[in-house]
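S.K.: quick one, structure for this:
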Amino acid sequence: MTRARFIEVEVEAGNNCDFSLHRIFSVVEEPKEVVRVEAPGIRGELAMVEVIGWGEDGPCPAYAAIVEDSGEGHALLIFGGDDGIRTRPLDSDSPWSLDDPAQTGEPCLLLDKTTPYVPAE
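M.R.: Prediction:
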């Protein structure tokens, strides 16, 4: 008998993102550390961006996992630290920072399961 595995995303609004999220996802495919993902920008345009997790001490790993999503069947979940994830443009050479306006913070991203991403090496 196989046991179900779950990922709990619990992020409180704070310095990294403006809203809280508490949700539990059933894992379909094991999480992999990820460094880039194709994500919608501020104006809705899709672009490959760098991604990290964000926690109390700053940057930490971000992960990608295929999960069950009641509305879509399966989806790609991008998640990170206790304070969520951060993204920045690929052409950015600035360090990860809460003060950089080119970077954005989110509790997580729930994307189409076919969304391209780049695993960490």
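
S.K.: show me what contacts Glu29?
M.R.: Residues in contact with Glu29, defined by CB atoms under 8 Å, 6 or more residues apart in numbering, are Ala65, Ile66. Using the backbone N, CA and C atoms, a C-beta is placed for each residue, glycine as well.

S.K.: for the remainder of this discussion, apply numbering that starts at 28.
M.R.: Got it, the first residue is 28 from now on, which makes the last one we talked about Glu56.

S.K.: tell me which element it falls in.
M.R.: If you go by DSSP states H and E, Glu56 is not part of any helix or strand.

S.K.: quickly note the distance from it to Asp96.
M.R.: 13 Å (CB to CB, to the nearest Å).

S.K.: spatially central residue in the protein, please.
M.R.: Ile105 (3.1 Å; CA atoms, centre = their mean).

S.K.: beta partners for that residue?
M.R.: Beta-bridge partners for Ile105, by DSSP bridges, are Ala91, Leu136.

S.K.: so where's this structure shaky on pLDDT?
M.R.: 28-31, 69, 98-99 (pLDDT under 70).
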